[in-house]
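A.B. asks: structure for this input, please:
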Amino acid sequence: MPSYSYRTIKSPSQGSFKEKGSRFLSFAYPVDTDGAIQIHLDQIRREYFDARHHCYAWMLGPEKKQFKAVDDGEPGHSAGDPILGQIRSHDLTQILIVVVRYFGGIKLGVGGLIKAYREAAADAIRNASIIEEEVVVNGTLTYPFDKTSDVMRMIKDFQVQLIEQSYNTNCVLTIGVPLRNQLLLLDRISQLNIPKHCVEFVKH
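C.D. replies: Residues are numbered from 1 along each chain as shown. Here you go, the predicted model:
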């Protein structure tokens, strides 16, 4: 079954955790591309250049198949994985969480690090506004001008986003369609006697 919606955060949020003198500052960002992730990582590294570690995890895609966890010098699986675990336990995607550590002089051990990074990530999530977003698939629809009123009614009925439109011999619309409505929309298009080759969706 495809995912018709997903949970993410509405806007950036912050959190923190302290343990035996070490400070863990956490930052959560809504993201949708590798490029956006890198921008936030570069910004954190510049702003908190004096921190001992910049550990992070991210998850992308409604199906949650793209993800990464980075320990940044901490013992293996003691930082990135606990952060990623919080993303998973809250069923989130399209999200990056970075936890910056300022060392307090006392070693925490692997168990202590796992707890600290987990709690810091959890605090950033607690301070975030979690929202549910529709999965949208983009495409193009080409139709004769005399079908305009029917097409506009269909767009309203199926919550279609109008991204771009142009008019020449035919009308061409670039649209965004909620994935849950895609098959119903295709059925309505066929009822309007618009040939199948006149609608094309980007593969998702």
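A.B. asks: is E132 in a helix, a strand, or coil?
C.D. replies: State at E132, reduced to three classes by DSSP: H, G, I helix; E, B strand; the rest coil: strand.
A.B. asks: beta partners of it?
C.D. replies: R7 (DSSP bridges).
A.B. asks: any idea how far it lies from P178?
C.D. replies: According to Cβ to Cβ, to the nearest Å, E132 and P178 sit 12 Å apart. (C-beta placed from N, C-alpha, C; glycine too.)
A.B. asks: check contacts around the most centrally placed residue in the chain.
C.D. replies: Within the chain, the residue whose C-alpha comes closest to the C-alpha centroid is Q94; the distance, by Cα atoms, centre = their mean, is 1.5 Å. Remark: with contacts taken as Cβ atoms under 8 Å, 6 or more residues apart in numbering, Q94 is in contact with Y6, T8, P30, V31, D32, M59, L60, G61, E133.
A.B. asks: which one of the residues you listed is nearest to Y102?
C.D. replies: Looking at these and their distance to Y102, the nearest is V31, at 24.5 Å (Cβ to Cβ).
A.B. asks: so who does that closest one touch?
C.D. replies: Counting by Cβ under 8 Å, 6+ apart, V31 makes contact with I37, H40, W58, L60, Q94, I95, L96.
A.B. asks: can you do 7 Å?
C.D. replies: By Cβ atoms under 7 Å, 6 or more residues apart in numbering, the residues touching V31 are I37, H40, W58, Q94, I95, L96.
A.B. asks: list the buried ones in the host helix or strand of T140?
C.D. replies: Per DSSP states H and E: T140 is located in strand 136-143. Along strand 136-143, these residues count as buried under the neighbour rule (16 or more other Cβ atoms under 10 Å): V136, V137, G139, L141, T142, Y143.
A.B. asks: after it, which helix or strand is next?
C.D. replies: Downstream of strand 136-143, the first helix or strand assigned by DSSP H and E is helix 148-157.
A.B. asks: may I have the strands that pair with the very next helix or strand once past that next one, each with its orientation?
C.D. replies: Sequence-wise, the next helix or strand downstream of helix 148-157 (DSSP H and E) is strand 161-167. Based on DSSP bridges, the pairing partners of strand 161-167 within the sheet are strand 171-178 (antiparallel).
A.B. asks: okay, the angle between the strand it pairs with and strand 130-134?
C.D. replies: Between the axes of strand 171-178 and strand 130-134, defined by axes from the mean of the first three to the mean of the last three Cα atoms, to 10 degrees, the angle is 140 degrees.
A.B. asks: and the strand holding T140, how far from the chain's centre?
C.D. replies: With Cα atoms, centre = their mean, to the nearest Å as the basis, strand 136-143 stands 22 Å off its chain's centre.
A.B. asks: how long is stretch 17-28 from one end to the other?
C.D. replies: Between the opening and closing residues of stretch 17-28 we find a distance of 14 Å, counting by Cα to Cα, to the nearest Å.
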